[in-house]
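Novice: pasting a predicted model and its sequence here:
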Amino acid sequence: MRAGLDALLRGRVIARVEVLRPMLRFRIAKELPSVLEGARVVAVERRAKYLLVRTDKRTLLSHLGMTGTWQHVTSDHVAQKHDHLRLDTDDGTTLVYNDPRKFGFVELLPADSPAPRLAALGPEPLDPSAFNADYLVRVFRKRKAPVKSLLMDQAIVVGVGNIYAAEALFRAGIHPKRAATTVKRERLVRLVACVRDVLNEAIAAGGSTIDDYRKTNGQSGYFQHTFAVYAREGEPCLGCGTTLKLARIGGRSSVYCGKCQR
Ligand SMILES: [Zn+2]
């Protein structure tokens, strides 16, 4: 989605900003349109699950929550029920932030102080210098919590959501409930590689791509991806044929193979 937004917005001037429905996880600030109108987009970046639209004025931070999408629509787009924010650029591009469940939000980063939301985040999983087996050995030390919970802890590593944690643990052959501290170093080497592989494959497959409502019905690439364990409870393991099991770990549903994952 970052790549999609960057291709549409980089170098463009935000000509018009319209708040359609201000209520999201946090109310959209009244000043947002006046701050962003006339700003030129420098780049669209991502940190953890935050999209950061850097402009020559302020930075717009966007979190998609559960159901948020940025939709590329035609300029004659009629506001839909769950449209919250509309951006029009100087080249006639129109983007709408739509969010039926309203767990997402958009806000401006402070102009002159570090963003509190970005301060306590762990390393990016695709950064080998920061996220590697040595690092996991260090942070998993004495941690008895399930390895899956720690893998999804944004203070340990960012951006590994429920789907990708489940998939990476399956590939690495690690039981999601295993106490993190008991996973041996060589298995953490494998886990790091598997996390990176599933994320890179998801990105290549379109991840959760920007929804192009000009051409399609807006169905994202996300669930067109096939998963080995995610949402496959009761189905046979692709590795050994054993029926996959479902557990609740840290309040999240987790499907795993009791035979392949130890
Ligand atoms: Zn299996």
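Specialist: It's in.

Novice: give me the low-pLDDT residue ranges for the stretch 51-200 of the chain?
Specialist: The stretch 51-200 of the chain contains no residues with pLDDT under 70.

Novice: and the residue of it nearest the ion?
Specialist: The ion sits closest to Phe170 of the stretch 51-200 of the chain, with a gap of 8.2 Å, by C-beta to the ion. In this view, the C-beta of every residue, glycine as well, is placed from N, C-alpha and C.

Novice: what ranges does the chain have for its helices?
Specialist: 2-9, 32-36, 116-119, 133-140, 147-151, 162-172, 185-204 (DSSP state H).

Novice: what does the stretch 1-150 of the chain put close to the ion?
Specialist: Within the stretch 1-150 of the chain, no position is adjacent to the ion by C-beta under 5 Å from the ion.

Novice: quick one: the strands in the stretch 1-150 of the chain?
Specialist: 14-19, 41-47, 50-55, 59-63, 69-73, 83-89, 94-98, 105-108 (DSSP state E, counting those that start in this stretch).

Novice: the ion contacts on the stretch 151-262 of the chain?
Specialist: Contact residues, the stretch 151-262 of the chain versus the ion (C-beta under 5 Å from the ion): 237, 239-240, 242, 257, 259-260.

Novice: nearest to Tyr50, of those?
Specialist: Cys257 (33.2 Å; C-beta to C-beta).

Novice: ok, which of the helices of the chain comes nearest Phe227?
Specialist: Comparing the helices of the chain under C-beta to C-beta, the one sitting nearest is helix 162-172, at 5.9 Å.

Novice: check contacts around the residue nearest to Tyr97 when sequence neighbours are not counted.
Specialist: Using C-beta to C-beta, 6 or more residues apart in numbering and skipping residues adjacent in sequence, the residue nearest Tyr97 is Leu85, 4.3 Å away. Listed by C-beta atoms under 8 Å, 6 or more residues apart in numbering, the contact set of Leu85 reads 17-20, 28, 32, 96-97, 106.

Novice: also Phe103?
Specialist: Phe103 touches 24-25, 65-68, counting by C-beta under 8 Å, 6+ apart.

Novice: how close does Trp205 get to Val198?
Specialist: I think there's a mix-up here, since residue 205 is Ala and not Trp. Applying C-beta to C-beta, to the nearest Å, the value for Ala205 to Val198 is 10 Å.

Novice: those two - which one has more neighbours?
Specialist: Taking neighbours as other C-beta atoms under 10 Å, Ala205 and Val198 compare with Val198 leading, 26 against 13.

Novice: dump the residue contacts of that one.
Specialist: The neighbours of Val198, taking C-beta under 8 Å, 6+ apart as the test, are 164, 167-168, 171.

Novice: buried subset of the residues you listed?
Specialist: Among these, those buried by neighbour count (16 or more other C-beta atoms under 10 Å) are 164, 167-168, 171.

Novice: let me have the residues you listed in CSV, adding distance to Ile249 as columns.
Specialist: What follows is the buried ones among the contacts of Val198, written out as CSV (distance: C-beta to C-beta, whole Å):
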residue, distance to Ile249
Tyr164, 14
Glu167, 14
Ala168, 14
Arg171, 17
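
Novice: which among those residues gets closest to Leu151?
Specialist: Looking across those and measuring by C-beta to C-beta, the closest to Leu151 is Ala168, at 7.2 Å.

Novice: so who does that closest one touch?
Specialist: Ala168 neighbours (C-beta under 8 Å, 6+ apart): 151, 160, 191, 194-195, 197-198.

Novice: at 6 Å instead, please
Specialist: 194-195, 198 (C-beta atoms under 6 Å, 6 or more residues apart in numbering).
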